[in-house]
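Asker: generate a structure from the sequence data that follows.
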Amino acid sequence: AKLTGDYHPFLLAYFIMTCGLSFLETSCNPYILSMGTEETATRRLNLAQAFNPIGSLMGMYVAMNFIQNKLNPMDTAERAQLGQAEFEAIRDSDLSVLIAPYLTVGIVILMMFVVIMVARMPKNADQSHSIDFISTLKRIFSRKRYRYGVIAQFFYVGAQIMCWTFIIQYGTRLFMAQGMEEIDAEVLSQKYNIIAMVIFCISRFICTFILRYFNPGALLATLSVAATILTTGVIFIDGIYGLYCLVGVSACMSLMFPTIYGIALKGMGDDAKFGAAGLIMAILGGSILPPLQASIIDCKTLFGMPAVNVSFLIPLLCFIVIISYGYAVRHEK
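Answerer: Now for the predicted structure:
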């Protein structure tokens, strides 16, 4: 993709990567759920997924130190004034920076592939691969817990992406209002984004421990209520404490994805393999909802308030949906 310098090969590369990641998560999550008793399945999945944010933090570290720091600092407006030859030279130089980090990640993944290929992985008792598509689809969607779980997952992923993506806009607006330059405000906001990820990671380990003593549905509803309160603070507290509230939402979100996943697939047996695909497809919420929030942010001001603050009404509604799901399943066996 770098050698062509064209947009479409990069788009194809991302398509291949995301397809691979969706295959991994669709197969790994139900596999983890099946590796023990059903009573501890949700806790087991939370523990496994607790390592995901560690990978995200490593990704941020690599991006900041091995990619962003080596890119030409010239902004888009300045690049537009360059001649064709100068622009192509800077473009090729920036694209060359990508090669070493991605190649390194690729080699690590290849090593993992070899390890998994030669390792003796535990096998499920039922190794049936036959799926009656229509009847299986009808059967899994006849379960209210699964059906509403897919909806809850859609709104959760949307809320997660919005809270993490627009923390930059929220912080940048706040720090620029205090007289900071835009570039410095963005860098400082990115640091708050990293803090949110660290809190998310720590909270997931804590929540995994708490699940030993609390019903997953009840804990999901409780943390969703806390997220709703903090998001309300993000909307109405115009200052650094509003940003603190936004960072704090990550502590509440840490439990949600694997817990919704585990609750929705509980008791589904071999249908869990098929049902997992529906829950991974619910990640679509991360593509549909953030553009709606972005369109609100573009309004600059609404109802006499900064539009970026008002835009967090959408994550607020998402958490309300998750509250209702957690409350509905809190007593289900």
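
Asker: residue 330 reaches residue 222, doesn't it?
Answerer: No - under the criterion of C-beta atoms under 8 Å, residue 330 is not in contact with residue 222, lying 9.4 Å apart. Glycine gets a C-beta too; all of them are placed from N, C-alpha and C.

Asker: could you measure from the residue lying closest to residue 255 once chain neighbours are set aside over to residue 247?
Answerer: Of all residues not flanking residue 255 in the chain, residue 207 sits nearest, at 4.1 Å (C-beta to C-beta, 6 or more residues apart in numbering). Separation of residue 207 from residue 247 (C-beta to C-beta, to the nearest Å) stands at 17 Å.

Asker: and what of residue 156?
Answerer: Going from residue 156 to residue 247 by C-beta to C-beta gives 18 Å.

Asker: between these two, who's got more neighbours?
Answerer: Between residue 156 and residue 247, residue 156 has the larger neighbour count (other C-beta atoms under 10 Å), namely 29 against 23.

Asker: unless I'm mixing things up, that one is touching residue 318, no?
Answerer: Yes - between residue 156 and residue 318 there is a contact under C-beta under 8 Å: 6.7 Å.

Asker: between those two, which contacts overlap?
Answerer: residue 285 (C-beta atoms under 8 Å, 6 or more residues apart in numbering).

Asker: can you tell me the closest non-neighbouring residue to residue 97?
Answerer: Nearest to residue 97 is residue 70, by C-beta to C-beta, 6+ apart, at 4.6 Å.

Asker: count residues in the vicinity of the one you found, would you?
Answerer: Neighbours of residue 70 (other C-beta under 10 Å): 14.

Asker: please tell me how far it sits from residue 112.
Answerer: Look at residue 70 and residue 112: by C-beta to C-beta, they are 26 Å apart.

Asker: now do residue 132
Answerer: Counting by C-beta to C-beta, the gap from residue 132 to residue 112 is 33 Å.

Asker: wait, residue 237 sits on residue 248?
Answerer: No - using C-beta under 8 Å, residue 237 is not in contact with residue 248, being 11.6 Å away.

Asker: where does the residue lying closest to residue 66 once chain neighbours are set aside fall, secondary structure wise?
Answerer: Excluding the flanking residues, the one nearest residue 66 by C-beta to C-beta, 6+ apart is residue 101, at 4.9 Å. Element membership for residue 101 (DSSP states H and E) is helix 84-118.

Asker: list the buried residues of that helix.
Answerer: Residues of helix 84-118 classed as buried: 90, 95, 97-98, 101-102 (neighbour count, 16 or more other C-beta atoms under 10 Å).

Asker: for stretch 33-44, same thing?
Answerer: In stretch 33-44, counting by 16+ other C-beta under 10 Å, buried: 33-34, 41-44.

Asker: next: stretch 175-185.
Answerer: So for stretch 175-185, counting by 16+ other C-beta under 10 Å, buried means 175, 180, 185.

Asker: same thing with stretch 293-310?
Answerer: Buried residues in stretch 293-310, counted by 16+ other C-beta under 10 Å: 293, 296-297, 306-310.

Asker: may I ask which two of the residues you listed are separated the most?
Answerer: 293 and 306 (13.2 Å; C-beta to C-beta).

Asker: output the contacting helices and strands for the helix or strand harbouring residue 272.
Answerer: Per DSSP H and E: residue 272 is located in helix 272-281. If contacts are counted by 3 or more C-beta pairs under 8 Å, 6 or more residues apart in numbering; DSSP states H and E, helix 272-281 sits against helix 7-33, helix 133-141, helix 144-165, helix 256-265.

Asker: next one: it to chain centre, how far?
Answerer: Chain-centre distance of helix 272-281: 17 Å, with C-alpha atoms, centre = their mean, to the nearest Å.

Asker: continuing past it, what's the next helix or strand?
Answerer: Per DSSP H and E, the first helix or strand lying C-terminal to helix 272-281 is helix 285-297.

Asker: what lies in contact with that following helix?
Answerer: Against helix 285-297 from outside (C-beta under 8 Å, 6+ apart): 153-162, 165-166, 169, 302, 307-308, 310-315, 318.

Asker: and the contacts of the worst-scoring helix or strand of the chain on mean pLDDT?
Answerer: Lowest by mean pLDDT, DSSP states H and E among the helices and strands of the chain is helix 76-80, with a mean of 76. Contact partners of helix 76-80, identified using C-beta under 8 Å, 6+ apart, comprise 87, 90.

Asker: repeat that for stretch 144-152.
Answerer: Residues contacting stretch 144-152 (C-beta under 8 Å, 6+ apart): 140-141, 260-261, 263-266, 268, 275, 278-279, 281-282, 321-322, 325, 328-329, 332.

Asker: at 6 Å instead, please
Answerer: Contact partners of stretch 144-152, identified using C-beta atoms under 6 Å, 6 or more residues apart in numbering, comprise 140-141, 260, 264, 275, 278-279, 282, 322, 325, 329.

Asker: closest one of those residues to residue 122?
Answerer: residue 275 (20.7 Å).

Asker: burial count for the closest one?
Answerer: Residue 275 is flanked by 26 other residues according to other C-beta under 10 Å.

Asker: show me what contacts it?
Answerer: Contacts of residue 275 by C-beta under 6 Å, 6+ apart are 140, 146, 265, 268.

Asker: out of those, who's the most crowded?
Answerer: residue 265 (29 neighbours).
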